[in-house]
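Asks: got a predicted structure here, sequence first:
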Amino acid sequence: MNNGICILPIHGIGEVQPGDNLADMLVDALRRHDMAFESGDVLVVTQKVISKAEGRLVNLETVEPSHMARMAALQGRKDAAYYEVVLRESRRIVRMDRGVLITETHHGFVCANAGVDESNVPGEHCVTLLPIDPDASAMRLRLALRDRCRVDVAVIISDTFGRPWREGQVNVAIGVAGLAPLVDYVGQQDSYGYTMHASVIAVADELASAAELVMGKVDRVPAAVVRGYSVTPSDNGARVLIRAPERDLFR
């Protein structure tokens, strides 16, 4: 029986700097509001603060654009240095139109501009890059919280992705530690006796998206706790959410 979940925003984390101990910042922010992590919680934290803490920042003034980046800038609204960073963070360009590059990152994510982001970053010429290994980042944070609080908390690192056939963006999981990102119903029977053949639910994406409802984009709330979700433990990480090329009908 599912008794529901609650989603708690973590306020007051403050500006994250390279080298900061994010686990300490999260625990202290909760404590200031008379809250604490509990075993079974799912922590959803944005890619942005993970990238800042890990120093995944680039000053565009230090970047020398290539010819291709300059060509992209002629069609787009950003400068050539930005496109150069996007190209460096990509292993292939999926589509390029009107200054937007849909690329496949070195992780295998297909997203706009390789996840290179100017929003919520201090400094006019600074951008953030995705973490080098988001699953490893999630695991480090999970272990740090276990050491600090003696609780078992699953961690999801979220980022905002567009969707090819629908307007609007949603948060998805790019790094996961401590929970199964997929729930597989294949082979189970529904309430009418029909055997399900294709129902595999991306629960890590659903949790990431649900948490965004209390985090917002301009409220400086980069983390939330999902409490009450029945976690299935797993060390698979978010990489299982990436569809293999041989199974991708649109590649």
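Replies: Cool, the structure landed. Predicted model only: the values in this text are computed from it and were never measured.
Asks: could you break the chain into its assigned domains?
Replies: Annotated domains of the chain cover 6-56+130-244, 58-128 [the TED database].
Asks: got those as CSV, with mean neighbour count and distance to residue 251 columns?
Replies: The C-beta positions use only the backbone N, C-alpha and C, and glycine is treated the same way. Formatted as CSV, the domains of the chain follow (neighbours: other C-beta atoms under 10 Å; distance: least, C-beta to C-beta, whole Å):
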stretch, mean neighbour count, distance to residue 251
domain 6-56+130-244, 17, 9
domain 58-128, 17, 8
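Asks: so for the nearest residue to residue 187 once chain neighbours are set aside, what's the pLDDT?
Replies: Nearest in space to residue 187, with sequence neighbours left out and distances taken as C-beta to C-beta, 6 or more residues apart in numbering, is residue 195 at 6.6 Å. With respect to pLDDT, residue 195 has a value of 91.
Asks: I'd say residue 195 and residue 185 touch.
Replies: No - counting by C-beta atoms under 8 Å, residue 195 stays clear of residue 185, with 9.8 Å between them.
Asks: adding distance to residue 250, write the domains of the chain out as JSON lines.
Replies: Shown next, in JSON lines, are the domains of the chain (distance: least, C-beta to C-beta, whole Å):
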{"stretch": "domain 6-56+130-244", "distance to residue 250": "8"}
{"stretch": "domain 58-128", "distance to residue 250": "9"}
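Asks: compare these and say which comes out lowest on pLDDT.
Replies: Across these, domain 58-128 gives the lowest mean pLDDT, at a mean of 92.
Asks: list the contacts of the longest helix belonging to the chain.
Replies: The longest helix of the chain (DSSP state H) is helix 134-149. Outside helix 134-149, the residues that touch it by C-beta atoms under 8 Å, 6 or more residues apart in numbering are 21-24, 26-27, 36-37, 43, 45, 47, 50, 54, 107, 131, 151-157, 174-178, 235, 237-239.
Asks: what pairs with the helix or strand hosting residue 175, parallel or antiparallel?
Replies: Per DSSP states H and E: residue 175 is located in strand 166-177. With DSSP bridges as the test, strand 166-177 is paired with strand 154-163 (antiparallel).
Asks: only C-alpha atoms, please: export the strand it pairs with in CSV.
Replies: The C-alpha coordinates for strand 154-163 follow below in CSV (Å, rounded to 0.1, in the frame of the first residue of the first chain):
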residue,chain,number,x,y,z
ALA,A,154,19.7,7.8,-1.8
VAL,A,155,20.9,10.7,-4.0
ILE,A,156,19.7,11.9,-7.4
ILE,A,157,21.5,14.6,-9.3
SER,A,158,19.0,16.4,-11.5
ASP,A,159,19.2,18.6,-14.6
THR,A,160,16.6,20.2,-16.8
PHE,A,161,16.2,18.6,-20.2
GLY,A,162,13.8,19.5,-23.1
ARG,A,163,11.6,16.9,-24.8
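Asks: that strand vs helix 134-149, what angle?
Replies: Per axes from the mean of the first three to the mean of the last three C-alpha atoms, to 10 degrees, the angle that strand 154-163 makes with helix 134-149 is 150 degrees.
Asks: where along the stretch 101-250 of the chain do the helices fall?
Replies: Remark: helices assigned in the stretch 101-250 of the chain by DSSP state H, counting those that start in this stretch are 134-149, 203-215.
Asks: between those helices, which one is nearest to residue 12?
Replies: Proximity to residue 12 (C-beta to C-beta) singles out helix 203-215 among these, at 13.2 Å.
Asks: give me the contacts around the closest one.
Replies: 5, 7-9, 42, 44, 46, 156, 158, 160, 170-173, 176, 179-183, 221-224, 226, 229, 238, 241.
Asks: if we go to 6 Å?
Replies: 7, 9, 42, 44, 156, 158, 170-173, 176, 181, 183, 221, 224, 226 (C-beta atoms under 6 Å, 6 or more residues apart in numbering).
Asks: just stretch 4-18 next, same as before
Replies: Outside stretch 4-18, the residues that touch it by C-beta under 6 Å, 6+ apart are 25, 29, 32, 49, 52-53, 55, 211, 214, 221, 223-229.
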